[in-house]
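*Asks:* Test case, fold it:
(2 chains)
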Amino acid sequence: ELKVEQNPLFLSMQEGKNYTIYCNYSTTSDRLYWYRQDPGKSLESLFVLLSNGAVKQEGRLMASLDTKARLSTLHITAAVHDLSATYFCAVDEGGNNNDMRFGAGTRLTVKP
Amino acid sequence: EPEVTQTPSHQVTQMGQEVILRCVPISNHLYFYWYRQILGQKVEFLVSFYNNEISEKSEIFDDQFSVERPDGSNFTLKIRSTKLEDSAMYFCASKRGGPYEQYFGPGTRLTVT
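*Replies:* This next block holds a predicted model:
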């Protein structure tokens, strides 16, 4: 069974600091997705990583994928309060219609 | 921009009652999914649907659950006899296919009393 593990589960940061969230998974997959969820809201797609070595950046967030290590990272640079949310990674085992399996989520709080 | 819609946004039901949660996926998408999220927990896969049939389901998706695409636009999740532990947020998602990401609806909060 595909397992997806995220750490840390809770992260409290000061504004302006940097930090990395890690996502490990148990299968050979080259499809990894990062989503953001605000409290009481749905999931918003942040990044789609589809190959080994893929790196994508959007604003203060950068995601990367190492399929050999079965590891993805979400790096936060110079955090701001607006980044406070829960971040989920999800892995797709491939094919056209496979479901995604989600990590437990990292609840990020950025304090002024 | 096209989006996945879900109705109702909140459903309160009594234990043992049947509920139907409705979703309208994005129109050119071919693959449809239901997930649930118990409050404060992770998102759990329930079922995927393609070409008018279930393609995969999780161990959570037991005989009390069923899905249907009755009219080519709606995608429904039925829970036949709700239990207290079915209380959760239920998300519908759809995607074009292949490696594209899934797009999630706003969710239906189901409360079973």
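
*Asks:* mean confidence for stretch B:22-35?
*Replies:* Mean pLDDT, computed over stretch B:22-35, is 94.

*Asks:* list the buried ones in it?
*Replies:* B:22-26, B:29-35 (16 or more other C-beta atoms under 10 Å in any protein chain shown). Quick note: C-beta positions are derived from backbone N, CA and C, even for glycine.

*Asks:* And those residues, which two are furthest apart?
*Replies:* Greatest spatial distance among the buried residues of stretch B:22-35 (C-beta to C-beta): B:22 and B:30, at 18.9 Å.

*Asks:* ok, and what's touching the helix or strand of chain A with the lowest mean pLDDT?
*Replies:* The weakest-scoring helix or strand in chain A, judged by mean pLDDT, DSSP states H and E, is strand A:100-102 (a mean of 89). Here strand A:100-102 makes contact (C-beta atoms under 8 Å, 6 or more residues apart in numbering or on different chains) with A:2-4, A:25, A:33, A:88-93, B:35, B:42-45, B:102.

*Asks:* Drop anything exposed from these.
*Replies:* For these, buried by 16+ other C-beta under 10 Å: A:4, A:25, A:33, A:88-92, B:35, B:42-45, B:102.

*Asks:* Would you mind putting those into CSV with secondary structure and distance to residue A:109 alongside?
*Replies:* Shown next, in CSV, are the buried ones among the contacts of strand A:100-102 (DSSP: H, G, I helix; E, B strand; the rest coil; distance: C-beta to C-beta, whole Å):
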residue, secondary structure, distance to residue A:109
A:4, strand, 22
A:25, strand, 25
A:33, strand, 23
A:88, strand, 16
A:89, strand, 18
A:90, strand, 22
A:91, strand, 25
A:92, strand, 29
B:35, strand, 25
B:42, coil, 18
B:43, strand, 20
B:44, strand, 24
B:45, strand, 27
B:102, coil, 27
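
*Asks:* As JSON lines, these with distance to residue A:57 would be great.
*Replies:* Conversion of these to JSON lines gives the following (distance: C-beta to C-beta, whole Å):
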{"residue": "A:4", "distance to residue A:57": "22"}
{"residue": "A:25", "distance to residue A:57": "21"}
{"residue": "A:33", "distance to residue A:57": "16"}
{"residue": "A:88", "distance to residue A:57": "19"}
{"residue": "A:89", "distance to residue A:57": "16"}
{"residue": "A:90", "distance to residue A:57": "19"}
{"residue": "A:91", "distance to residue A:57": "21"}
{"residue": "A:92", "distance to residue A:57": "21"}
{"residue": "B:35", "distance to residue A:57": "27"}
{"residue": "B:42", "distance to residue A:57": "26"}
{"residue": "B:43", "distance to residue A:57": "24"}
{"residue": "B:44", "distance to residue A:57": "30"}
{"residue": "B:45", "distance to residue A:57": "28"}
{"residue": "B:102", "distance to residue A:57": "22"}
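
*Asks:* between those, which is closest to residue B:53?
*Replies:* residue B:45 (16.8 Å).

*Asks:* quick one: terminal-to-terminal distance for stretch B:78-97?
*Replies:* 24 Å (C-alpha to C-alpha, to the nearest Å).

*Asks:* same for the following helix or strand past the least confident helix or strand of chain A, what does it pack against?
*Replies:* Sequence-wise, the next helix or strand downstream of strand A:100-102 (DSSP states H and E) is strand A:106-111. Where contact means 3 or more C-beta pairs under 8 Å, 6 or more residues apart in numbering or on different chains; DSSP states H and E, strand A:106-111 is packed against strand A:10-14, strand A:85-92.
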